[in-house]
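Novice: The amino acid sequence is not available; the structure is as follows:
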């Protein structure tokens, strides 16, 4: 059973230094021992081993040559008090499954408004998850269906949802040790032709016993593009590090990771209601009763694709990982 997942997200190349954020994601309560008779996530003094792999000729495996950078870290002093405060304030039930697997056949659909269609030249039917008709109007205008019962008190939460919410608060995510920033100085020209970065535990670290448990610690690798001049970096897709490369079709994944490695959206659009009906998209002579402000959107096709791609043994993408605070 997996107890811990390490996901590195690249941030910046300064010309000589590489900065990244590590998402260290416990898969159960942060108060549970990571290994028998060992410390819990909230109290662990981790010694991280950051592995740098040169070249983009193949995906990294556990047998790929690497250069290791060791980063000892003490348990954040506020981690346990914050987790205890969350446990006191929220209806957390440790028995609730940390991750609810998506039901087979379940889809996330997204409406593509005229602004996106104009910005991206999108035509209906190009993406199975986008809609350009009034499919959502009934759901938005019909009110609460008859027979709907609002649960009170609210249902208990699993730690997975609580930690995901904590990730949305940058200061809290770092204070609890969920997100850990690192700055590395690789050898000169190490990433001239690109490479990979992934993180594991050193043999002398707390919870290093996970290394001897199949799947106990899962590490994912971030692709590093060819680096020369200083630039921003972004990790949209992560790849699992295993003994062998999982067989799969990687064409779309590599296209995405290359397209978004600078962190910039490709089709940005804005919209502002112009009619009394906030759902209206044509000028019918009416005007909004109040100022609704402007709404921004971007890359509807890619976002919809990410939402419908569950994490797998092949990759985990920006929209499916529990990493909202990692950037």
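Specialist: That came through fine. Because the structure is predicted, anything quoted here is derived from the model rather than measured. Residues are numbered from 1 along each chain as shown.

Novice: does residue 50 really touch residue 182, like I thought?
Specialist: Yes: counting by C-beta atoms under 8 Å, residue 182 is a contact partner of residue 50 at 6.6 Å. Bear in mind the C-beta positions are built from the backbone N, C-alpha and C, glycine included.

Novice: Mind checking which of these two has more residues around it?
Specialist: Comparing residue 50 with residue 182 by other C-beta atoms under 10 Å, the one with more neighbours is residue 50, at 23 against 18.

Novice: got any residues that touch both of residue 50 and residue 182?
Specialist: residue 71 (C-beta atoms under 8 Å, 6 or more residues apart in numbering).

Novice: Residue 238 pairs with what?
Specialist: On the basis of DSSP bridges, residue 238 is bridged to residue 222, residue 316.

Novice: what separates it from residue 55, distance-wise?
Specialist: For residue 238, the distance to residue 55 (C-beta to C-beta, to the nearest Å) stands at 18 Å.

Novice: Look at those two and report which has more neighbours.
Specialist: Here residue 238 and residue 55 are compared on neighbour count by other C-beta under 10 Å; more neighbours surround residue 238, at 27 against 15.

Novice: pLDDT on stretch 137-157, on average?
Specialist: For stretch 137-157, mean pLDDT rounds to 76.

Novice: And it, end to end?
Specialist: 31 Å (C-alpha to C-alpha, to the nearest Å).

Novice: quick one: that stretch to chain centroid distance?
Specialist: 28 Å (C-alpha atoms, centre = their mean, to the nearest Å).

Novice: and it, which residues are buried?
Specialist: residue 157 (16 or more other C-beta atoms under 10 Å).

Novice: And for stretch 195-212?
Specialist: Buried residues in stretch 195-212, defined by neighbour count with 16+ other C-beta under 10 Å: 195-202, 205-210.

Novice: Show me the two of these that sit farthest apart.
Specialist: Within the buried residues of stretch 195-212, 195 and 209 form the most distant pair, 29.2 Å apart (C-beta to C-beta).

Novice: start to end distance for stretch 74-84?
Specialist: End-to-end span of stretch 74-84 (C-alpha to C-alpha): 19 Å.

Novice: Now do that stretch: everything it contacts.
Specialist: Counting by C-beta under 8 Å, 6+ apart, 30-31, 39, 42-45, 166, 172, 174-177 sit against stretch 74-84.

Novice: which element is residue 245 on?
Specialist: Assigned by DSSP states H and E, residue 245 falls within no helix or strand.

Novice: from what I can see residue 127 touches residue 305, true?
Specialist: Yes: using C-beta under 8 Å, residue 127 is in contact with residue 305, at 7.0 Å.

Novice: What number of neighbouring residues does residue 242 come out with?
Specialist: If you count neighbours by other C-beta under 10 Å, residue 242 ends up with 16.

Novice: Repeat that for residue 180.
Specialist: By other C-beta under 10 Å, 20 other residues sit near residue 180.

Novice: Got the confidence number for the closest residue to it other than its chain neighbours?
Specialist: Spatial nearest neighbour of residue 180, chain neighbours left out: residue 22 (4.6 Å); criterion: C-beta to C-beta, 6 or more residues apart in numbering. As predicted, residue 22 sits at a pLDDT of 98.

Novice: same question, residue 103
Specialist: 67.

Novice: cool, residue 316 as well?
Specialist: In this model, residue 316 carries a pLDDT of 65.

Novice: Now do the helices in the chain.
Specialist: With DSSP state H as the criterion, the chain has helices at 79-89, 114-120, 137-141, 159-166, 170-175, 251-259, 300-307.

Novice: the inter-axis angle of the longest one versus helix 159-166?
Specialist: Angle, helix 79-89 to helix 159-166, by axes from the mean of the first three to the mean of the last three C-alpha atoms, to 10 degrees: 110 degrees.

Novice: give the contact list for the residue lying closest to residue 287 once chain neighbours are set aside.
Specialist: The shortest distance from residue 287 to any residue other than its chain neighbours is 6.6 Å, reached at residue 276 (C-beta to C-beta, 6+ apart). For residue 276, the contacting residues are 284, 286, 287, 288, 289, by C-beta under 8 Å, 6+ apart.

Novice: Check these and tell me the two furthest apart.
Specialist: For the contacts of residue 276, the farthest-apart pair by C-beta to C-beta is 284 and 289; their separation is 14.0 Å.

Novice: Contact partners for residue 93?
Specialist: The neighbours of residue 93, taking C-beta under 8 Å, 6+ apart as the test, are 156, 157, 158.
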